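Visitor: Sharing a sequence plus its predicted fold:
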Amino acid sequence: ELRRSSDDSYEERFRNLNLSSHNYLRITRILKCLGEFDYEYLKFPFLAKILFESITENTLPNCLRSCRDYWIETLRSREERRTIRRYAKELLEYRNKGIRPPKSHHAERPQAAPKQRRKSSSKATTRSTDDLR
């Protein structure tokens with residue numbers, strides 16, 4: 001679970017992230033790298049927090065487009081992508097109604113399917129761009 005620090009030290013970082021989009025490509029690369037180094041499980045909570053901060057708290061509204069167009073797409077699991085998009089839609093619906101979501105409203109990660117072993121062959125394998133999504 002991700003949360004802000006208890007002091008106000010996050011505000012300057014949020015302001016910088018929101019006003020200066022030059023780090024957005026770096027975030028995309030970091031998310032892709034997490035998947036490559038078997039840290040895929042860290043992406044979903046990060047994206048849920050970015051969506052909450054962008055939509056509900058309005059602290060990172062400029063991140064919303066990159067999150068929608070690039071960062072969510074780094075999730076390898078199609079079901080996780082669907083779930084996080086549904087969560088974003090729900091947050092937008094709450095915002096459009098002028099109410100905050102209940103504290104119990106969270107993005108629930110779908111149950112992970114068992115990992116399948118890759119078949120190895122004597123030939124070098126190359127990964128398609130679909131494998132990186």
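Guide: Received, thanks. All values reported here derive from a predicted model rather than from experimental measurement. Numbering: from 1, shown residues only.

Visitor: By mean pLDDT, which helix or strand of this structure comes out lowest?
Guide: helix 10-19 (a mean of 86; mean pLDDT, DSSP states H and E).

Visitor: For that one, list every residue counted as buried.
Guide: By 16 or more other Cβ atoms under 10 Å, the buried positions in helix 10-19 come out as 17, 18. For the C-beta atoms, the positions are set from N, CA and C on the backbone; glycine is no exception.

Visitor: following it, which helix or strand shows up next?
Guide: As assigned by DSSP states H and E, the chain's next helix or strand after helix 10-19 is helix 24-36.

Visitor: Give me the contacts around that following helix.
Guide: Helix 24-36 is contacted from outside by 40, 42, 43, 46, 63, 66, 70, 71, 74, 76, 132, using Cβ atoms under 8 Å, 6 or more residues apart in numbering.

Visitor: Going by neighbour count, which of the residues you listed are buried?
Guide: Among those, the ones that count as buried by 16+ other Cβ under 10 Å are 40, 43, 46, 63, 66, 71, 74.

Visitor: Make JSON lines from those residues and add secondary structure and pLDDT to it.
Guide: Shown next, in JSON lines, are the buried ones among the contacts of helix 24-36 (DSSP: H, G, I helix; E, B strand; the rest coil; pLDDT from 0 to 100):
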{"residue": "40", "secondary structure": "helix", "pLDDT": "96"}
{"residue": "43", "secondary structure": "helix", "pLDDT": "97"}
{"residue": "46", "secondary structure": "helix", "pLDDT": "96"}
{"residue": "63", "secondary structure": "helix", "pLDDT": "94"}
{"residue": "66", "secondary structure": "helix", "pLDDT": "95"}
{"residue": "71", "secondary structure": "helix", "pLDDT": "97"}
{"residue": "74", "secondary structure": "helix", "pLDDT": "97"}
